[in-house]
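Trainee: Let me see the structure of the following:
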Amino acid sequence: MLMDYHMHFEFGQYDEEWVKLFFEQAKKMGLKEIGITEHTHGFKEFKDLYYDELILDNSEIGEFQKQWLEQKTKFCHTLDEYRDFINMLKSKGYPVKMGLEVCNFRNQEKVTELLSNYEWDYLITSVHFINGWGFDFSKLKHHFDDKPLKEIWKDYAKEIELIANTGKYDILGHPFNLRLFKNIPEKADVQEILENTAKVLKANNMVVDINTGTEHRYPIKEITPYPDFMEMVKKYDIPVILSSDAHYPEHVGYKIKEAGEYAKSFGINESVMFDKRKRKFVEIG
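Mentor: So this is what the prediction gives:
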């Protein structure tokens, strides 16, 4: 059985004509259901958090990130609009789950307040910023040279630890996609970091997102998490989901079967389905 549990409608409107293309592609790809996990930067309620926590000074990073926050896809919906649209799709029989991809905010009290009024099927948290720097922006990728890769891996892992230890999230999105611009540390330098992160995820009963988006959106051309961390996922018996991280209909289910085979190559034969934060394990198709 195959699902795709990490994707975004954000480059279109909340309009049935737009989103039915996602479901048509899902059917072609043999998916039982899909999960929509809009980015928090699409919602007005989260605007202050981004402006409070990102580097937005007069530096190169700050100037770029200020422009990014001003794009027309940012802060254009409300959570109520999102909930109502997904509920409409469910009422019409679309095989969809309502999730959210929440950035690694430090102000988790505010995040809890914002999320508490909604009945989510699951919540993903993803590290998109390290100390306020958006490391996955191609125009800022040269800042990987600002410090040793081992230190960047440590900083990233610290962000995971802080967010996981809140106990608020079901899934860690695309773990250790730090390699996306082919920044590859020596395995021995980061092995302890990877293992400690796996222990944190296990302690907080979290699921790992096996994500093909890195393969089709970034130079590294690999499924995330990379094999060294997948070894830890298996060692600590951490559950997984499979996802494409699609932002357009044509990417729904992208290499999802390959993601399943990738999981199986580590002896992981089941993935997780969600419904109102409840889990069900199913065999990977």
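
Trainee: what about K158, how many neighbours?
Mentor: Look at K158: counted by other CB atoms under 10 Å, it has 16 neighbours. Any C-beta I mention is one placed from the backbone N, CA and C, and that applies to glycine too.

Trainee: Next: G62.
Mentor: 15.

Trainee: got it, and K141?
Mentor: Neighbours around K141, by other CB under 10 Å: 16.

Trainee: One more: the one 3 residues further on?
Mentor: Neighbours of F144 under the rule other CB under 10 Å: 17.

Trainee: ok but it is inside a helix, no?
Mentor: Yes. According to DSSP: H, G, I helix; E, B strand; the rest coil, F144 belongs to a helix.

Trainee: Chain neighbours aside, what residue packs nearest to it?
Mentor: Counting by CB to CB, 6 or more residues apart in numbering, N183 is the residue found nearest to F144 once chain neighbours are left out, at 4.7 Å.

Trainee: How about the contacts made by the one you found?
Mentor: 144, 149, 152 (CB atoms under 8 Å, 6 or more residues apart in numbering).

Trainee: Of all the residues in stretch 14-30, which ones are buried?
Mentor: 14, 19, 22-23, 25-26, 29 (16 or more other CB atoms under 10 Å).

Trainee: nearest to L89, of those residues?
Mentor: Lowest distance from L89 to the buried residues of stretch 14-30 (CB to CB) belongs to V19, with 7.1 Å.

Trainee: Isn't that closest one up against G12?
Mentor: Yes. Under the criterion of CB atoms under 8 Å, V19 makes contact with G12 at 7.0 Å.

Trainee: what residues are up against the nearest residue to D170 once chain neighbours are set aside?
Mentor: Among residues not flanking D170 along the chain, Y122 sits closest, at 4.3 Å (CB to CB, 6+ apart). Applying CB under 8 Å, 6+ apart, we find Y122 in contact with 5, 35, 97, 99, 170-171, 274, 277.

Trainee: about what we covered before: which of the buried residues of stretch 14-30 fall within strands?
Mentor: Assigned to strands by DSSP state E, none of these qualify.

Trainee: From these, which land in helices?
Mentor: 19, 22-23, 25-26 (DSSP state H).

Trainee: Format these as TSV; extra columns: distance to I220.
Mentor: Converted to TSV, those look like this (distance: CB to CB, whole Å):
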residue	distance to I220
V19	29
F22	25
F23	29
Q25	24
A26	26
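
Trainee: how far away is L21 from N165?
Mentor: L21 is 39 Å from N165, where distance means CB to CB, to the nearest Å.

Trainee: returning to that earlier point: mind pulling up the pLDDT for the residue nearest to D170?
Mentor: In this model, Y122 is scored at 98, pLDDT.

Trainee: Report the secondary structure state of the closest residue in space to M232 that isn't next to it in sequence.
Mentor: Nearest residue to M232, sequence neighbours excluded (CB to CB, 6+ apart): A198, at 3.7 Å. Under three-state DSSP, A198 falls in the helix class.

Trainee: Please report the distance of A198 from K154.
Mentor: 15 Å.

Trainee: Next, the nearest residue to K44 once chain neighbours are set aside: phi, psi?
Mentor: Spatially, and ignoring its direct neighbours in sequence, K44 is nearest to F75 (4.9 Å; CB to CB, 6+ apart). Recorded main-chain torsions at F75 are phi 60, psi 40, according to degrees, to the nearest 10.

Trainee: isn't F75 right up against K47?
Mentor: Yes. Under the criterion of CB under 8 Å, F75 makes contact with K47 at 4.6 Å.

Trainee: rewinding a little: now the residue nearest to D170, which residues is it bridged with?
Mentor: Counting by DSSP bridges, Y122 forms beta bridges with G99.
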